[in-house]
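Participant: I'd like to go over a predicted model; first the sequence, then the structure.
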Amino acid sequence: MADTLHMVIDMQRLFDEQTVWHTPMLREVLPNVVRLCEGFQGRNGFARFVVPETAEAATGTWARYYRRWHMLTGERIDRSLLDLVAELQPFAARSLVIDKLVYSPFKVAGVTERLLSDGIRHIVFSGVETDVCVLAAVMDAVDLGFDVTIATDAVGSSAREAHEATLRLIYPRCEDQIRLASTDEILAER
């Protein structure tokens, strides 16, 4: 499927390590994210959530957000926490990497145009968090007209209940636009 991209959302040290944004499910889904990266060799994209230097440097409600999470602003954070987890770095070295200050990578200038010019029409999503950044990216992709598949066993959240509710209640409401499939099912179609 030359028109398909595997998009990995926020699989970073910031969410893997013992920070206030720790996402325990990241380790649970990581083996399937790696399998997808291997299966989509050369057709992976990685979105990384990056932070503003200060809360005041953020725009709109993001300024209020970073006043709450001030310990994670650029002036205070160990910037290496923004790196992808070690297991994914070899794949990212040969892939599109998108740094985003907001939930969705599609809000970054030029991303949609690049994907379309590369012939991408279908995006398989994995990563964290099912109910926040993955959700925002999926909804933007749908609005932009991409075919969307979510690897249900390759997404996770810091709130397991929200993860499960999103997979059970939110995504199925868009069944004509969002396909749910396991890593095995997705790789079998390659």
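Facilitator: Here it is on my side, so go on.

Participant: name the helices or strands packed onto the longest helix along the chain?
Facilitator: Using DSSP state H, we find that the single longest helix of the chain is helix 25-39. If contacts are counted by 3 or more CB pairs under 8 Å, 6 or more residues apart in numbering; DSSP states H and E, helix 25-39 sits against strand 4-9, helix 13-16, strand 122-128, strand 147-156, helix 183-188. Yep, even glycine has a C-beta here, placed from its N, CA and C like the rest.

Participant: Could I get the average pLDDT for the host helix or strand of Leu180?
Facilitator: Secondary structure assigned from DSSP states H and E places Leu180 in strand 178-181. Looking at strand 178-181 alone, the average pLDDT works out to 98.

Participant: ok, Asn44 - contacts?
Facilitator: When contacts are counted by CB atoms under 8 Å, 6 or more residues apart in numbering, Asn44 is found next to 5-8, 36-37, 91-92, 95-96.

Participant: Tabulate the residues you listed (JSON lines), appending neighbour count, distance to Gly145 and pLDDT.
Facilitator: Converted to JSON lines, the contacts of Asn44 look like this (neighbours: other CB atoms under 10 Å; distance: CB to CB, whole Å; pLDDT from 0 to 100):
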{"residue": "Leu5", "neighbour count": "22", "distance to Gly145": "14", "pLDDT": "97"}
{"residue": "His6", "neighbour count": "26", "distance to Gly145": "18", "pLDDT": "98"}
{"residue": "Met7", "neighbour count": "29", "distance to Gly145": "15", "pLDDT": "98"}
{"residue": "Val8", "neighbour count": "30", "distance to Gly145": "21", "pLDDT": "98"}
{"residue": "Leu36", "neighbour count": "25", "distance to Gly145": "22", "pLDDT": "98"}
{"residue": "Cys37", "neighbour count": "23", "distance to Gly145": "25", "pLDDT": "97"}
{"residue": "Phe91", "neighbour count": "22", "distance to Gly145": "26", "pLDDT": "96"}
{"residue": "Ala92", "neighbour count": "18", "distance to Gly145": "26", "pLDDT": "94"}
{"residue": "Ser95", "neighbour count": "21", "distance to Gly145": "22", "pLDDT": "89"}
{"residue": "Leu96", "neighbour count": "18", "distance to Gly145": "19", "pLDDT": "93"}
